[in-house]
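K.L.:
Structure, please.
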Amino acid sequence: LLELAEGHPLVPRLRLAAAISAGEIPNVPTRDPALLLEIIEVLLWRHGKIELAAEGADRLLSLELPPAWRSHVRELAGLAHTAKGNWPRVIELRMQAIAAAGGDADPEEVAAAAALILDRQGDAAGALALAWTKLEHFPGVDGTYGLAHVPHTALGWLRTFDLAIDAASVLDDPRRFDLLEKRADLVAVLSGGAAEALATRHAVASELERDGQHAEAATLWSRLADDTIAQQPGNARRVALLRAAWSAIALAAAGLAYRWR
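P.N.:
Numbers count the residues shown, from 1 in each chain. Got it, this is the predicted structure:
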């Protein structure tokens, strides 16, 4: 009946109603991407048909779409492929979103993609490379163009630093020292971040020792010993917990990388 009534203004609504009832993707004309988007959401949220939702979202992404629509469809596709465990496609979608945003990519989005690359593909080098491309443009914590100008991104930057440090720890990459220093500066300006900054600077001092910069390490250790934050109860425990967490992450990521190889 729908084929016979092609061209009637009610046909799109009838197609959508039929798809909702059957839980299928009909042969929607490419001139009706809005209808296909509705069907994909119904398949995903009402029927739980992950395979069909992923197929439909990928099909819709192949069409010309307004930027706002493309972002929404990419999110739907990411959810469907995540539910399928299709991590290469999820990572591909994340990378497309970052590329589309260019220099304005949210650091939280970069961190999420780096986490997938590290955790789901065991690719520490790829995760570090992605995080580094964003961290090279870290605005700093002060000044007109620093975090004071865009405070809502602070936690996204922090997560990107943490992912980069995790990956650098697996690779024993020399950039880890620079990453730790900047992380300490960032955490120090966050509310309640003094103890975390102290713990991070302990890691910086250890890196200086490991790099043979013993005079610099001794100076920093002395400064940390005199820091009033170091005198507060429980902060030594915070230092130990943070270092234990980084050691565990590096060990787990190294195991994942070996398994993926």
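K.L.:
Nearest residue to the middle of the chain?
P.N.:
Central residue of the chain (Cα atoms, centre = their mean): residue 112, 1.0 Å from the mean position.
K.L.:
tell me which element it is part of?
P.N.:
Using DSSP states H and E, residue 112 sits in helix 107-121.
K.L.:
After that helix, which helix or strand is next?
P.N.:
Trace forward from helix 107-121 with DSSP H and E and the next one is helix 124-135.
K.L.:
That following helix relative to helix 107-121, how many degrees between them?
P.N.:
With axes from the mean of the first three to the mean of the last three Cα atoms, to 10 degrees defining the directions, helix 124-135 sits at 180 degrees from helix 107-121.
K.L.:
Residue 40 versus residue 73, what's the distance?
P.N.:
8 Å (Cβ to Cβ, to the nearest Å). For every residue, glycine as well, the C-beta is placed using N, CA and C.
K.L.:
next one: residue 180
P.N.:
Computed as Cβ to Cβ, the residue 180 to residue 40 distance reads 44 Å.
K.L.:
Equivalent analysis for residue 4, please.
P.N.:
Counting by Cβ to Cβ, the separation of residue 4 from residue 40 is 26 Å.
K.L.:
So the two - more neighbours on which side?
P.N.:
Shown here are residue 4 and residue 40; by other Cβ atoms under 10 Å, residue 40 has more neighbours (26 against 8).
K.L.:
which residues in the stretch 101-250 of the chain form helices?
P.N.:
Per DSSP state H, counting those that start in this stretch, the stretch 101-250 of the chain carries helices over the ranges 107-121, 124-135, 154-171, 176-188, 194-210, 214-226, 235-260.
K.L.:
and the first one, what does it pack onto?
P.N.:
The elements that helix 107-121 packs onto, with contact taken as 3 or more Cβ pairs under 8 Å, 6 or more residues apart in numbering; DSSP states H and E, are helix 87-101, helix 124-135, helix 154-171, helix 235-260.
K.L.:
And the second one, what's buried?
P.N.:
When you say that, I think you mean helix 124-135. 124, 126-128, 130-132, 134-135 (16 or more other Cβ atoms under 10 Å).
K.L.:
Number of residues surrounding the residue lying closest to residue 133 once chain neighbours are set aside?
P.N.:
Leaving out its chain neighbours, the residue that sits closest to residue 133 by Cβ to Cβ, 6 or more residues apart in numbering is residue 110, at 7.8 Å. Using other Cβ under 10 Å, the number of residues around residue 110 comes to 27.
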